[in-house]
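**Q** Provided below for reference: sequence and predicted model.
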Amino acid sequence: MLEHTNLVNLTYESLREQAALLDLSHDAIFARDMNGVIKYWNRGAQELYGWMAEEALGKTSHTLLKTAAPAPLEQIEAEIVNAGRWEGELMQTKKDGDQVRVASRWSLRRDALGAPVVILETNNEVMERKRAETLLAEEKRILEMLARGDPLDQMLESLCLLIEELAQDVLAVILLIEDGRLKHGAAPSLPRAYIEAIDGCAIGPAAGSCGTAAYLARPVIVSDIASDPLWADYRDPALAQGLRACWSTPIMSSTGTVIGTFAMYYREPRVPTLHDQGIIEQIRHLAGIAIQHKLMEERLQRSEAYLAAAQKLTHTGSWAADPLLKKLVYCSEEFIRIYGFDPNEGMPSIEALRRRAHPEDRRKLDESFRQKLDESIPRAAREKAEFRDDFRIVLPDGTVKHLEGTIQPFLDAGGAVLEWVGTLVDVTQRKLAEEERERLRQLETDLAHINRVTIMGELTATLAHEINQPITAAISDASACLRWLTRDPPDLTEAKEAAMSIVADGTRAAEIIDRVRSFYKKGSPAPRAPVDVNEIAREMLVLLRNEADRHSIVMRTHLTDVTEVTADRVQLQQVFMNLMLNGIEAMKETGGELTIKSQSADGGQILISVSDVGVGLPAGDAVQLFKAFFTTKPQGLGMGLVISRSIIESHGGRLWAATGNSGQGATFYFTLRATRTQRSSSSPPNGFVR
């Protein structure tokens, strides 16, 4: 008996001698005698189960670890005595109460006499390996869901269910951060009432576990909700649902921004184990991948939507093409719409685009693209170049569009064009608007001409009288000249004076004709030049003098300054003529006084007024005077004041009407910007023209 005991001790001594080597292993290794009493406990066993060697030695292993085997332990013990080895999976309990599944290998040691004395047990945690395999499979599944574009809430719920599978008695929740508030992400096992209670809560330094973790950007472990001060404002709804512990970890983006939180709730107070912490870290990582990918995808979708909306609003399309393959590699929806293709048919070919070019512009476009590919152009010049082309396209229904294209070449290392990137703007409406503006400008010119011709028709009698005077005088002077020349001897002095009078009268008639002709002729607007408005006023007084005399109208001037403006002389003549004729028309039946004034005004302006004492302005708003085709004259066109206002406004001034100062008649005012003002030295400040 003593000999057997010595042999057993030698076996244990052999194990102790190997202890240093066994402690290097991460496997949990312990030895027990045939009664199950632990005789050796390595460092790996301490780390796996939590008991130190001095706590485990002398204890019965199956009792200490609460071993649960796939078959009765007595049966396994008998099997190892016969076979010397056994392998299988066991469920065991650690010091902290957590269960662990291990892959166990038993090896029987015998003494020198062959009697079984020691069972060496080596255990590896299967749960950790299976958890790693499960997490790896879940990560693969999440990536597949991302690739398919599955909704974010489905991915987050899948992660929560995985957590609840890996950890016992846990209720998992993932929350998102939006505008500083917690938003529901996934919580498949939490009561609905509690989810609704916390959804939308603001983050802060004392906002429960999740709100605080998001605020501080670090994990927050609350082992007992009932007593922790962080839960002061949220304790009641949590306790009402039986929730007692909550561990929350912030989910970070790649840039370090908190984008969500991952939390584990329990229905009893507790703190996380190393096993729990491992799960938390791995799930936090997976949730971060899913959330950040979806956030980036949403931002990209918003950016694309904004770009598409902007392109639609501005009628701008974008595209990219491979010049060697002569193929589009990208084109926007607006680009396809501009060209009139069906977006469901994909990108059009380069040839299809070319066929829609206007026949008159196609050759120009072909030549332009050949130049863009010209490799003789220096690389630096081509890299900086931004080519622009204006051209037209014709859609199948005959619609013509005007387009503006911009192209930027991208070069490879050798300087060859690798890709073209460009934009296309539909400027059809702008072109049509420009054409319409040009048509309206021409129409304005034509109407102004018609107005002048109409005025001249009204002034025919006056003009005839004006021209008749110098002609009659010239005839009289010519007769006198002949008489002086036929005397014997001829009176050359008197004849010379008569001839000079003929020249003066002829010149006067020519000036009148030239002035009238310049007024009513049709043609391009004369260039603007410095003119004296007082001089133009006096010219119009001369032309209208006989017309005023016929109706007993006195024309009075009050021209206190000689004022120079930059203007179209003929157009200003037309304005004066329109306003003065309106005043004469208003006093035809009664006679009266027509007053023309010019004076300096604020802001470097000159103010001109034409006043009469006639029938006054029409009843109602005087603004209607300046509406097209409104007239109080039986034979009027209703365009004189409209054209006059247009002329003044084109010169940077304004034209308006008011009732006369005495409450009678009407006064028309207009302003022009003065370029030079000086005191008159050639005419009195007040004068009458008879």
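**A** Nice, thanks for sending it over. Residues are numbered from 1 along each chain as shown.
**Q** secondary structure element for Asn534?
**A** helix 533-550 (DSSP states H and E).
**Q** The helix or strand following that helix - contacts with which helices or strands?
**A** On the C-terminal side of helix 533-550, the closest following helix or strand by DSSP H and E is strand 553-559. Packed against strand 553-559, as judged by 3 or more CB pairs under 8 Å, 6 or more residues apart in numbering; DSSP states H and E, are the following elements: helix 533-550, strand 592-601, strand 686-689. All C-beta atoms are positioned from the backbone trio N, CA, C, and that covers glycine.
**Q** Strand 553-559 pairs with which strands?
**A** Sheet pairing for strand 553-559, assigned by DSSP bridges, gives strand 592-601 (parallel), strand 686-689 (antiparallel).
**Q** just to revisit the earlier point, identify each buried residue in the helix holding Asn534, please.
**A** Residues 533-534, 536-541, 543-548 are the ones in helix 533-550 that count as buried (16 or more other CB atoms under 10 Å).
**Q** cool, and stretch 277-292?
**A** In stretch 277-292, counting by 16+ other CB under 10 Å, buried: 278-280, 282-284, 286-292.
**Q** Figure out how far it is from the centre of its chain.
**A** Mean-position distance between stretch 277-292 and its chain equals 35 Å (CA atoms, centre = their mean, to the nearest Å).
**Q** Quick check: mean pLDDT of it?
**A** Mean pLDDT, stretch 277-292: 78.
**Q** Show me what it is in contact with.
**A** For stretch 277-292, contacts defined as CB atoms under 8 Å, 6 or more residues apart in numbering pick out 128, 131, 135, 138-139, 142-143, 145-146, 152, 155-156, 159, 162-163, 166-167, 172, 174, 176, 185, 219, 247, 249, 251-254, 259-260, 262, 264, 272.
**Q** circling back to that earlier point, quick one, which of the helices and strands packed on strand 553-559 is nearest to Ala658?
**A** Distance to Ala658, taken as CB to CB, is lowest for strand 592-601 among the helices and strands packed on strand 553-559, at 13.4 Å.
**Q** Can you list the helices and strands that the helix or strand harbouring Ile76 packs against?
**A** Taking DSSP H and E as the definition, Ile76 sits inside helix 73-83. In terms of contacts (3+ CB pairs under 8 Å, 6+ apart), helix 73-83 is packed against strand 85-93, strand 99-110.
**Q** related to what we said a few turns ago, comparing the strands paired with strand 553-559, which comes out most buried?
**A** Each of these was scored by mean neighbour count; the highest is strand 592-601, a mean of 19, by mean count of other CB atoms under 10 Å.
**Q** Given the very next helix or strand once past that strand, what are its sheet partners and their directions?
**A** Remark: after strand 592-601, the chain's next helix or strand is strand 605-611, criterion DSSP H and E. In the sheet, strand 605-611 lines up against strand 592-601 (antiparallel), strand 666-679 (antiparallel) (DSSP bridges).
**Q** now the angle between helix 533-550 and the first one, please.
**A** In this case it means strand 592-601. If you take axes from the mean of the first three to the mean of the last three CA atoms, to 10 degrees, strand 592-601 sits at 170 degrees to helix 533-550.
**Q** what residues does strand 592-601 touch?
**A** With contact meaning CB under 8 Å, 6+ apart, strand 592-601 is reached by 533-534, 537, 541, 548, 553-561, 563, 576, 580, 583-584, 587, 606-614, 665, 671, 674, 677.
**Q** next one: stretch 576-585
**A** If you take CB under 8 Å, 6+ apart as the criterion, stretch 576-585 is touched by 451-452, 455, 458, 519, 536-537, 540-541, 543-544, 547-548, 551, 553, 555, 594, 596, 610-612, 614, 633, 640-641, 643-644, 665-666, 668.
**Q** ok, Pro272 - contacts?
**A** Counting by CB under 8 Å, 6+ apart, Pro272 touches 221, 247, 264, 280.
**Q** re earlier: need the strands paired with strand 605-611 in CSV with mean pLDDT and distance to Thr659, can you?
**A** What follows is the strands paired with strand 605-611, written out as CSV (pLDDT from 0 to 100; distance: least, CB to CB, whole Å):
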stretch, mean pLDDT, distance to Thr659
strand 592-601, 90, 14
strand 666-679, 79, 6
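**Q** Same list (the ones you listed) but as CSV, adding distance to Gly211.
**A** What follows is the strands paired with strand 605-611, written out as CSV (distance: least, CB to CB, whole Å):
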stretch, distance to Gly211
strand 592-601, 69
strand 666-679, 67
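**Q** Arg110: which of those is closest?
**A** Arg110 lies closest, by CB to CB, to one member of the strands paired with strand 605-611: strand 666-679, at 122.1 Å.
**Q** Tell me the buried residues in the closest one?
**A** Here strand 666-679 shows 666-672, 674, 677 as buried, counting by 16+ other CB under 10 Å.
**Q** Which one of the residues you listed is nearest to Leu324?
**A** Leu672 (63.4 Å).
**Q** residue contacts, the closest one?
**A** Going by CB under 8 Å, 6+ apart, Leu672 touches 533, 565, 567, 605-606, 608, 648, 651-653.
**Q** Run through the helices of the stretch 301-450 of the chain in chain order.
**A** Using DSSP state H, counting those that start in this stretch, the helices of the stretch 301-450 of the chain run over 333-339, 350-355, 359-372, 379-384, 428-458.
**Q** rank these by mean pLDDT and give me the bottom one.
**A** Minimum mean pLDDT among the helices of the stretch 301-450 of the chain: helix 379-384, a mean of 56.
**Q** Please compute how far the helix holding Ile76 lies from its chain's middle.
**A** Helix 73-83 has its average C-alpha position 78 Å from the chain's average C-alpha position, going by CA atoms, centre = their mean.
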